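Visitor: Quick one: sequence plus predicted model below, questions after.
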2 protein chains.
Amino acid sequence: MNRTLVIDSISQIGKEVLLKGWVDIKRDHGKLTFIELRDRTGRIQCVGFEKMSELVVQSPIEIIGTVKLRPERMVNPEMLTGTVEIDVKEYKVLAVPAEVLPFDLGKAELDVELPTLLDHRPVSLRHPKVQAIFKVQAVIIDSFREFLKQNGFFEFQAPSITGAIAEGGAEVFEVSYYDKKAYLTQSPQLYKQIVMSAFERVFSVNKVFRAEPSVTTRHLTEVVSLDAEMAFIKSWEDVKDMADNLIKYVFEQIEKQCAHELKMFDVKLPQTIEETPTLSLTEAQEMIFQKLGKGVRENKDLNPESERDICSIIKEETGSDLVFIYGYPTKKKPFYVYPNPKNPEFNEGMDLLCRGVELLSGGRRINDYKQLMEHVKEWGMDQEKIKGFLEAFKYGVPPEGGFAFGAERITMQVLGLKNIREATMFPRDMERIDYQLP
Amino acid sequence: MNRTLVIDSISQIGKEVLLKGWVDIKRDHGKLTFIELRDRTGRIQCVGFEKMSELVVQSPIEIIGTVKLRPERMVNPEMLTGTVEIDVKEYKVLAVPAEVLPFDLGKAELDVELPTLLDHRPVSLRHPKVQAIFKVQAVIIDSFREFLKQNGFFEFQAPSITGAIAEGGAEVFEVSYYDKKAYLTQSPQLYKQIVMSAFERVFSVNKVFRAEPSVTTRHLTEVVSLDAEMAFIKSWEDVKDMADNLIKYVFEQIEKQCAHELKMFDVKLPQTIEETPTLSLTEAQEMIFQKLGKGVRENKDLNPESERDICSIIKEETGSDLVFIYGYPTKKKPFYVYPNPKNPEFNEGMDLLCRGVELLSGGRRINDYKQLMEHVKEWGMDQEKIKGFLEAFKYGVPPEGGFAFGAERITMQVLGLKNIREATMFPRDMERIDYQLP
């Protein structure tokens, strides 16, 4: 007898099926035992005989039983399989739990503090609401790749170990590399520009590492960076449009593939409109001043409060939860960001804000070798450390740009999570690698 | 005027198109200048006027011209666009190379030594035959994911930084983690088993790091590991069959998507047959003894010579380039490998050999907590270092197994590359991180 997946049993009314899964919930009712069986496709209610009360929760079992339509009044709209139940004929235990669970997995909400949940990651990963987070994250990462492949982007593998850190050394992890020193990459930025210079349109899904000196709800030491870079652009707006369409595609795919997961978190996806509002930093600051009377026009960037302010204003005026901000002071950004030719004090870097926080950043980069070298000198970069990057630009690179965003940040934002640690299976921070550090 | 991609121009005979790309090759013929323009889809011949001889090779340019069918005798069967050429009307240079190339990119074969090729990675990546390697690799990685998603596997992100190394400490890289010590993961093995215990069928594409103490043509310190793990198996053969079908799917996709690339390398994919031959270690040793008279029956494993021998024998007898070997001495393998219940001295671990080398390894794992703890003790494992792994098995895990293979190794094998460094954009080894270490 072949296995039937839980989700497929709803179309097998009246038939005998073989199910395999874990006993998530067990309720004894005298002669009847109700269990909720979980497999990778969801949970289903199974009605068994008295002997089944011997089952220990979280045991993996096999069940043979008949799929029955539930009476109307017993239908459970919260369950994907809420219209049916399994009338158990026989069952087999595949493994018996050796210990009592550290916390109850049977409730709709996990009732434990975050550190406990993370200290017992193998257990909390079995909870449907925890699994929902990673299902959404898998869709985010997969739809990022899917959209870019459809648009002619080529996937490459960015390195994690690097020999020299171009910018800032404080927040970098050092690796003992034989008798040499090496570092963990903080960003694939320079590598993706190198690969773009050969493959034109490229993307990578890779780990980046930052030795953040503090513990916050929004920082981890190891995260998944979603990076893209594209050549032969006409202006920075080609990069913005690609990022805009990508984010909208990611949201669409979440809506399509994760309706059940969004419902579990009682959240709605960010509202988007046909043309995502786009403002220069100066325009955004002027708008905040005009609408809210706040004197932010002299600032060199949007601070967190201004990010929230401009998002509120845009939301109210256009309905869009997204807004692009571009044109930052050139000197405040990395050396490779392209200065606006009409007003070189401001650059063509951009950020995408969503509901008050930055979701993605990118922009046009300098492609001309001479201009790049001028910036390298002006910014005081160590040429030896970026010689591979510079070599790529020696031999002719067309106008180009790109963007990046973090898989955990966007998961957190979409599901309204309060702590980024919830959006990583195995979070690493100053105090934790799997477990709290002694 | 919208851009036309090089590959699409073959269907635009007689039409005016706008192409964008790099000048890969330039030939002056008096009043005519021939160039080969490369974009992300391939190369095309463009015929221009005398002034075009000013172009420097590798310049990124835009061309407007008419697509013309080549006369029969001028058709170039080696080029995907060999039936057409572009009659150039006008062109625009997008950037001028600042220096002369360190080596010629115009020939079909790159005529440089490997260290030079790697020292100038940004340059060599522009060569079509080098690009072909990474196109094949992208298809390998993508079809690995595609096949597993189709089979209900869930993608997770395995961590790179780990707090403790379960097995062996010699070949591990240490990371300065604030005032603590941490390590780079050598394998996601224990993590993928944890995630399997919650998600049932899982896979990951992730970096693994090994501080190999020597420099060989087959080892790197940073590689891409393709990992999968599945629960609710009936026997180890379910794992073997999944791996077998996966590898065949990967080969099919390479055949389908990379015909041009395989032709450039003049290679044929490994030959497969409906049922991949499967032998126990003992059977394989017996066969080598019977056929070749070599006394290998007392060995604890197949040595490289025996791997080549058994592959030759199987190839001759069945036509298959693939052969599974299973059943290794239990004590010679890691603690988590499942011993054969009928003969516990041998386990249900397996390797897939292809043309004399190991392509993939895996097998069934121990799922019962008590049995696992017995092995932990017998193998002398430090329980504290694997407590997260052990916790997953405390609460009920069904029979399970999995497998892993390296993206670079399989790329090397498929294309017949002599050195694994060719199969990595940015290879890291004892002597190199981007550049040869001083």
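Guide: Everything's here; your move.
Visitor: Helices along chain A, start to end?
Guide: A:114-119, A:121-124, A:128-150, A:189-199, A:236-257, A:259-265, A:281-292, A:304-318, A:369-378, A:387-394, A:407-415 (DSSP state H).
Visitor: Adding distance to B:Gln253 and mean neighbour count, write those out as CSV.
Guide: The C-beta positions use only the backbone N, C-alpha and C, and glycine is treated the same way. As requested, these are exported to CSV (distance: least, C-beta to C-beta, whole Å; neighbours: other C-beta atoms under 10 Å in any protein chain shown):
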stretch, distance to B:Gln253, mean neighbour count
helix A:114-119, 38, 17
helix A:121-124, 34, 23
helix A:128-150, 13, 19
helix A:189-199, 19, 26
helix A:236-257, 22, 19
helix A:259-265, 30, 15
helix A:281-292, 46, 17
helix A:304-318, 43, 17
helix A:369-378, 38, 16
helix A:387-394, 30, 20
helix A:407-415, 25, 23
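Visitor: okay, those helices in CSV with distance to chain B and mean pLDDT next?
Guide: Formatted as CSV, these follow (distance: least, C-beta to the nearest C-beta, whole Å; pLDDT from 0 to 100):
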stretch, distance to chain B, mean pLDDT
helix A:114-119, 9, 96
helix A:121-124, 4, 97
helix A:128-150, 5, 98
helix A:189-199, 4, 97
helix A:236-257, 11, 98
helix A:259-265, 13, 96
helix A:281-292, 28, 96
helix A:304-318, 26, 97
helix A:369-378, 4, 97
helix A:387-394, 4, 95
helix A:407-415, 7, 96
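Visitor: Among these, which comes closest to B:Ile314?
Guide: Nearest to B:Ile314, of all those, is helix A:128-150, at 36.7 Å by C-beta to C-beta.
Visitor: could you give the angle of that closest one to helix A:236-257?
Guide: 140 degrees (axes from the mean of the first three to the mean of the last three C-alpha atoms, to 10 degrees).
Visitor: any chance of the helices of chain A in a markdown table, plus distance to B:Lys89?
Guide: Below are the helices of chain A laid out as a markdown table (distance: least, C-beta to C-beta, whole Å):
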| stretch | distance to B:Lys89 |
| --- | --- |
| helix A:114-119 | 64 |
| helix A:121-124 | 63 |
| helix A:128-150 | 31 |
| helix A:189-199 | 27 |
| helix A:236-257 | 24 |
| helix A:259-265 | 52 |
| helix A:281-292 | 41 |
| helix A:304-318 | 43 |
| helix A:369-378 | 29 |
| helix A:387-394 | 29 |
| helix A:407-415 | 45 |
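Visitor: Identify whichever of the ones you listed lies nearest to B:Leu69.
Guide: helix A:189-199 (29.3 Å).
Visitor: Which other helices and strands does that closest one contact?
Guide: strand A:201-209, strand A:222-231, helix A:387-394, strand A:400-406, helix B:121-124, helix B:128-150 (3 or more C-beta pairs under 8 Å, 6 or more residues apart in numbering or on different chains; DSSP states H and E).
Visitor: and B:Leu352, which of the ones you listed is closest to it?
Guide: Of those, the one closest to B:Leu352 (C-beta to C-beta) turns out to be helix B:128-150, at 13.8 Å.
Visitor: Pull the number of nearby residues for A:Trp379.
Guide: 13 (other C-beta atoms under 10 Å in any protein chain shown).
Visitor: how far away is it from A:Met373?
Guide: 11 Å (C-beta to C-beta, to the nearest Å).
Visitor: Please identify which of the helices and strands packed on helix A:189-199 is closest to B:Val96.
Guide: That would be helix A:387-394 among the helices and strands packed on helix A:189-199, by C-beta to C-beta, at 10.6 Å.
Visitor: what residue ranges in chain A score low on pLDDT?
Guide: Scanning chain A for pLDDT under 70 picks out the ranges A:166-169.
Visitor: Domain parsing of it, as residue ranges.
Guide: A:6-93, A:128-436 (automatic domain parsing).
Visitor: which one's the longest strand in chain A?
Guide: strand A:16-29 (DSSP state E).
Visitor: Could you name the helices and strands sitting against it?
Guide: Using 3+ C-beta pairs under 8 Å, 6+ apart as the test, strand A:16-29 ends up in contact with strand A:32-39, strand A:42-49, strand A:60-69, strand A:84-93.
Visitor: Compute the inter-axis angle for the last one and strand A:32-39.
Guide: For strand A:84-93 against strand A:32-39, the angle by the same axes, to 10 degrees is 90 degrees.
Visitor: Give me the sheet partners of strand A:84-93 and which way each runs.
Guide: strand A:42-49 (parallel), strand A:60-69 (antiparallel) (DSSP bridges).
Visitor: With distance to B:Glu391 and mean neighbour count added, can I get these in CSV?
Guide: Below are the strands paired with strand A:84-93 laid out as CSV (distance: least, C-beta to C-beta, whole Å; neighbours: other C-beta under 10 Å):
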stretch, distance to B:Glu391, mean neighbour count
strand A:42-49, 23, 20
strand A:60-69, 16, 19
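Visitor: and A:Ile366, which of these is closest to it?
Guide: Between the strands paired with strand A:84-93, strand A:42-49 lies closest to A:Ile366; by C-beta to C-beta that is 50.6 Å.
Visitor: How far off centre is that closest one?
Guide: 33 Å (C-alpha atoms, centre = their mean, to the nearest Å).
Visitor: What of stretch A:34-43?
Guide: 26 Å.
Visitor: quick one: contacts of it?
Guide: A:5-8, A:19-27, A:44-48, A:52, A:55, A:61, A:63, A:79-81, A:86, A:126, A:128, B:152, B:154, B:199-201 (C-beta atoms under 8 Å, 6 or more residues apart in numbering or on different chains).
Visitor: again, only using 6 Å
Guide: Stretch A:34-43 is touched from outside by A:5-7, A:19, A:21-27, A:44-47, A:80, B:200, with contacts defined as C-beta atoms under 6 Å, 6 or more residues apart in numbering or on different chains.
Visitor: and those, which are buried?
Guide: Neighbour-count burial (16 or more other C-beta atoms under 10 Å in any protein chain shown) is assigned, among the contacts of stretch A:34-43, to A:5-6, A:19, A:21-26, A:44-47, A:80, B:200.
Visitor: bridging residues for A:Val88?
Guide: Using DSSP bridges, the bridge partners assigned to A:Val88 are A:Gly65.
Visitor: Show the contacting residues for it.
Guide: A:Val88 neighbours (C-beta under 6 Å, 6+ apart): A:Cys46, A:Gly48, A:Ile63, A:Gly65.
Visitor: gap between it and A:Val47?
Guide: Counting by C-beta to C-beta - A:Val88 and A:Val47 are separated by 6 Å.
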